[in-house]
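1. Sequence first, then the predicted structure, then my questions.
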Amino acid sequence: MDEQKKLLEIVAQANFPYHYSAGKLLSFFFTALRDEKKIYGRKCSKCGQVYVPPRPACGPCFAPTNEWVEVGPQGSLECFTVVYFTFLDPMTGQKRPVPYGYGLIKLDHASTRIQHFLSINDPKLLKAGMRMEPVFLDQREGKLSDIKWFKPVE
């Protein structure tokens with residue numbers, strides 16, 4: 001290839017630090033999770049859907065959400081998977097021990113589902129519809145990872 005037509009390649013290391021504003025709704029949501037161990041959703045002013053995590057507007061009818069509703073803490077496991085390969089957990093930056101269960105939980109009084117880790121990692125012991133409840137960390141920071149996992153209700 002002609003030297004003048006060869007593409008120039010530059011190798012550089014870049015760092016892009018930033019702060020993300022959670023906004024009014026998620027700030028309330030994460031503060032309640034951290035300080036009270038409570039989960040809240042936002043209720044649509046038109047159709048009554050309750051969104052967890054909270055949203056400012058309803059997807060189907062475009063109306064604003066206008067009311068905080070405490071949901072859960074229990075709910076039903078709607079679907080799940082068991083993961084057998086390891087990777088870096090984006091919430092902790094650490095390798096995730098395997099196997100682990102991961103599922104969608106529809107909390108009581110919520111219209112949507114929350115996805116999270118499960119305490120059980122044996123697919124023979126998990127079943128759709130089983131009742132689940134969150135297990136909170138002792139030291140909470142105001143993140144979804146303040147919930148260690150969801151475990152079956154005893």
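-> Okay, I see it.
2. can you give me the helices in this protein?
-> 23-36 (DSSP state H).
3. would you list every one of the strands in it?
-> 39-44, 50-51, 65-71, 75-83, 100-107, 114-118, 131-136, 147-152 (DSSP state E).
4. any low-confidence regions in the chain?
-> 1-4 (pLDDT under 70).
5. The residue nearest to residue 111 when sequence neighbours are not counted: neighbouring residues, count only.
-> The shortest distance from residue 111 to any non-neighbouring residue, by CB to CB, 6 or more residues apart in numbering, is to residue 49 (4.2 Å). C-betas here are computed from N, CA, C, even on glycine. Neighbours of residue 49 under the rule other CB atoms under 10 Å: 19.
6. Residue 49 and residue 62: what is the separation?
-> According to CB to CB, to the nearest Å, residue 49 stands 12 Å off from residue 62.
7. Residue 97 now?
-> Relative to residue 62, and taking CB to CB, residue 97 is found at 42 Å.
8. Kindly export stretch 128-140 (C-alpha atoms) in PDB.
-> Taking Å, rounded to 0.1, in the frame of the first residue of the first chain, the C-alpha atoms of stretch 128-140 are listed here in PDB:
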ATOM      1  CA  ALA A 128     -41.900 -18.800  38.000                       C
ATOM      2  CA  GLY A 129     -44.500 -17.500  40.400                       C
ATOM      3  CA  MET A 130     -42.600 -18.200  43.600                       C
ATOM      4  CA  ARG A 131     -42.800 -15.400  46.200                       C
ATOM      5  CA  MET A 132     -39.600 -13.400  46.700                       C
ATOM      6  CA  GLU A 133     -38.400 -10.700  49.000                       C
ATOM      7  CA  PRO A 134     -35.400  -8.400  49.000                       C
ATOM      8  CA  VAL A 135     -32.300  -8.900  51.300                       C
ATOM      9  CA  PHE A 136     -30.800  -5.500  52.000                       C
ATOM     10  CA  LEU A 137     -27.100  -4.900  52.700                       C
ATOM     11  CA  ASP A 138     -26.300  -3.600  56.200                       C
ATOM     12  CA  GLN A 139     -24.200  -0.700  54.700                       C
ATOM     13  CA  ARG A 140     -26.400   1.000  52.000                       C
END
